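A.B. asks: no FASTA, just this:
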C-alpha cells in the first residue's frame, strides 16, 4: 500500500484491495503540491517493485524539479529516454503475439498506426490513404528494422505525388529526427522510465506520447503485463486524445484486468474537456483534489460530492500547499475507510536548509514541506 499523507495526524494509506481500479487522478492548480505528491507515489511504486513509465511533457520530472526527499530514489531507479537526441527504441511495426499463440493481424497494426498519426497531425482522407500505403510498404519491406521511422519518409518520397509530399511535410519532425527506432527495450522493468519530451512542440509531444500509448495498449492486450503491473504517469493529460477509441480511454476502462494503471495529473481537469472525458476520469479508483483555481472551485466541489458541494467549496478554498481532498478507499492507521478525506502531507518547518524549501531544488520561498511518513 502507498501512504499519501495524514488525516487528523493519522497515517493514510491507499487500500488497493478495495479500489475499483488502481488509476490515480491528481488535480490542482500550479504550485498546489500535486507534482511532489506524484513523485511520492512514483517513488513508492518502484520501491515496492513496480514499474513506472513517465512522460515528461512539461519538464516536471527534470532533475532540478525532483523533491529532495525523493531525489535519491529517482537517482537509483531512474532510466531516461532522451527522445529528441537518441530516439525511442520501440518495435512499432512488430505484431504482438496473443496468449493463444495467434499473432496480431497486420491490417490491425497498420490501421492503428495510421489512425494515431492521422488524428494527431490532422491528416485528411486523401493524405491518410497515402500514409497507410507508406506504412504498409515499410511493414512489408522490413525497412523499419534498418532505418527506423525515417523509412516512412523514404516510402512517401518514392510515391512522388503532391498528396504524399503533403504527408511528408506533416511527418517531417518525426522522420527527420527519426524519433522511433528499432533495437533496445522501450522500458526497463522495476525502473522509473522517463521519456524526455519537453523539447518537442506540444503537437509532437502529443503524437509521440499517443504512439507509445497505442503500442503499450496493443502489448497489454497480449497480456504481457499481467502479474507485473505497470504505471503510466502523464502530466497535463487533457492535451491527449481521449475519445472512446483512444488508448487513454481504453486504458481507463479496461486497464486493470490487463495490468496497466494510470497516474494522471492536470491543473484543471474541467478546462477544455467534454463531459464524456470527465466521466472517464471519474473512473479513477483514487482521486486527489489539490487546491483548484478560483474559477474552478465550484465545479471541483461537485466532482467531490454534488450533494453537499457548498461545504467542499469552503474547504477547497482553504487548502494549503500539499493539502488535498482524497476520494477512494483508504487505511487510516490500519482502519479501513471509504469516502472523502482531507489529507495533509505538509509540515511547517524553520530549520531546513534553504535549498530544500518548496520540495524541489528550486525555491519559491515557501516554508511548507511535503514529507514522507515512514
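C.D. replies: Good, I have the coordinates. For clarity, every value in this text was computed on a predicted model and none was experimentally measured.
A.B. asks: What count of nearby residues applies to the closest residue to residue 217 other than its chain neighbours?
C.D. replies: Leaving aside its chain neighbours, residue 217 sits nearest to residue 247 (4.5 Å; criterion: CB to CB, 6 or more residues apart in numbering). For the C-beta atoms, the positions are set from N, CA and C on the backbone; glycine is no exception. By the other CB atoms under 10 Å criterion, the neighbourhood of residue 247 contains 26 residues.
A.B. asks: Let me see the contact set for residue 247.
C.D. replies: When contacts are counted by CB atoms under 8 Å, 6 or more residues apart in numbering, residue 247 touches 210, 213, 214, 216, 217.
A.B. asks: and the last one, helix, strand or coil?
C.D. replies: Reducing the assignment at residue 217 to three states with DSSP: H, G, I helix; E, B strand; the rest coil gives helix.
A.B. asks: From what I see, it and residue 260 are in contact.
C.D. replies: Yes. With contact defined as CB atoms under 8 Å, residue 217 counts as touching residue 260 (7.4 Å).
A.B. asks: what is in contact with these two at once?
C.D. replies: With CB under 8 Å, 6+ apart, residue 217 and residue 260 have common neighbours residue 251.
A.B. asks: before we move on, the earlier item: for the residue nearest to residue 217, give its distance to residue 151.
C.D. replies: Between residue 247 and residue 151 the computed distance is 23 Å (CB to CB, to the nearest Å).
A.B. asks: One more: residue 37?
C.D. replies: Applying CB to CB, the value for residue 37 to residue 151 is 42 Å.
A.B. asks: One more: residue 30?
C.D. replies: For residue 30, the distance to residue 151 - CB to CB - is 41 Å.
A.B. asks: These two: who's more crowded?
C.D. replies: Legend: neighbour count by other CB under 10 Å for residue 30 and residue 151, higher for residue 151 (24 against 11).
A.B. asks: residue ranges with poor pLDDT in the stretch 251-374 of the chain?
C.D. replies: Applying pLDDT under 70 to the stretch 251-374 of the chain flags residues 268-278, 347-374.
A.B. asks: show me where it has strands.
C.D. replies: Counting by DSSP state E, counting those that start in this stretch, the stretch 251-374 of the chain has strands at residues 260-266, 286-290, 323-332, 335-344, 346-348, 368-370.
A.B. asks: do the same with the stretch 51-200 of the chain
C.D. replies: If you assign secondary structure with DSSP E, counting those that start in this stretch, the strands in the stretch 51-200 of the chain sit at 51-56, 78-82, 88-89, 180-181, 192-196.
A.B. asks: out of those, nearest to residue 230?
C.D. replies: Residue 230 lies closest, by CB to CB, to one member of the strands of the stretch 51-200 of the chain: strand 51-56, at 4.6 Å.
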